[in-house]
Structures are given as C-alpha cells and as structure tokens.
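Chemist: would you be able to build a 3D model of this:
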Amino acid sequence: MAMDHLYIVSYDISNAKRWRQLFKTMHGYGEWLQLSVFQCRLGRRRMIEMEAAIGDIVHHREDHVLILDLGPAENVKPHVHSIGKAFEPVRREAVIV
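Modeler: Presented below is the predicted three-dimensional model:
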C-alpha cells in the first residue's frame, strides 16, 4: 500500500486572478499555512491530480510553483521555525482583494 507523503507547496503567481484560482484549488489538497504556502499530505494519485490542477492554472513562462517532498507523512513531524512575529497556522479564510 502506498503511503502519503508530506509536501510543502509554495507559489509566486504574477496575475491576481490566477493567484486566486490556485489559492482556491490548493484548499482542496492541503492546509493553508501562509499567504502562498500550503502543507499537503497526499498519496501518489492525489499528488498527480494536484500537479495537473496546478499545471492547468499557471502560466509556465510567468508563474513559479515549488513543491517540496518532505517524505513519508507518518515519519515527518513538521516543526516550523519562524523569525519575526509568532507563527500560527492560519485557521480562517484569506481576505482576497
């Protein structure tokens, strides 16, 4: 049985409409941590689905998405080290202007 991996997805989208679309899409795959950063626990199939959804939204010459595979989710206990104000995972919807 395939095990879920923990991924950190960070993106820099040059267009506000595409940014909002990707932000909404990412909510279906993981937990929102910060403005353009999500933590996702996904199996291989869901990872492929997420990559395809991202690929359908971004403009490949203008936008940039980083996906970091931290390994098997059961073995990873994320610890966030923050510089500046205290880090608290977001527990509310973003205000998008």
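Chemist: neighbouring strands - and their directions - for the helix-or-strand element of the chain with minimal mean pLDDT?
Modeler: Within the chain, no helix or strand scores below strand 31-34, which has a mean of 90 by mean pLDDT, DSSP states H and E. Sheet pairing for strand 31-34, assigned by DSSP bridges, gives strand 37-42 (antiparallel).
Chemist: can I assume Ile67 is in contact with Val58?
Modeler: No. Using C-beta atoms under 8 Å as the test, Ile67 is too far from Val58 to be in contact (12.0 Å). The C-beta positions use only the backbone N, C-alpha and C, and glycine is treated the same way.
Chemist: and those two? Which one has more around it.
Modeler: Val58 (21 against 15; other C-beta atoms under 10 Å).
Chemist: name the SS class of the closest residue to that one other than its chain neighbours, please.
Modeler: Sequence neighbours aside, Val65 is the residue nearest to Val58 in space, at 6.1 Å (criterion: C-beta to C-beta, 6 or more residues apart in numbering). Three-state call for Val65 (DSSP: H, G, I helix; E, B strand; the rest coil): strand.
Chemist: can you tell me which residues contact the residue lying closest to Glu74 once chain neighbours are set aside?
Modeler: With C-beta to C-beta, 6+ apart as the criterion, Glu74 has its nearest non-adjacent residue at 6.4 Å, and that residue is Met3. For Met3, the contact set (C-beta atoms under 8 Å, 6 or more residues apart in numbering) comprises Gly43, Pro72, Ala73, Glu74.
Chemist: try 10 Å
Modeler: Met3 sits next to Arg41, Gly43, Arg44, Gly71, Pro72, Ala73, Glu74, Asn75 when contact means C-beta atoms under 10 Å, 6 or more residues apart in numbering.
Chemist: could you work out the most separated pair of the residues you listed?
Modeler: Arg44 and Asn75 (16.3 Å; C-beta to C-beta).
Chemist: quick one on the thing from earlier: which residues pair with the residue nearest to Val58 across the strands?
Modeler: Beta bridges link Val65 to Tyr11, judged by DSSP bridges.
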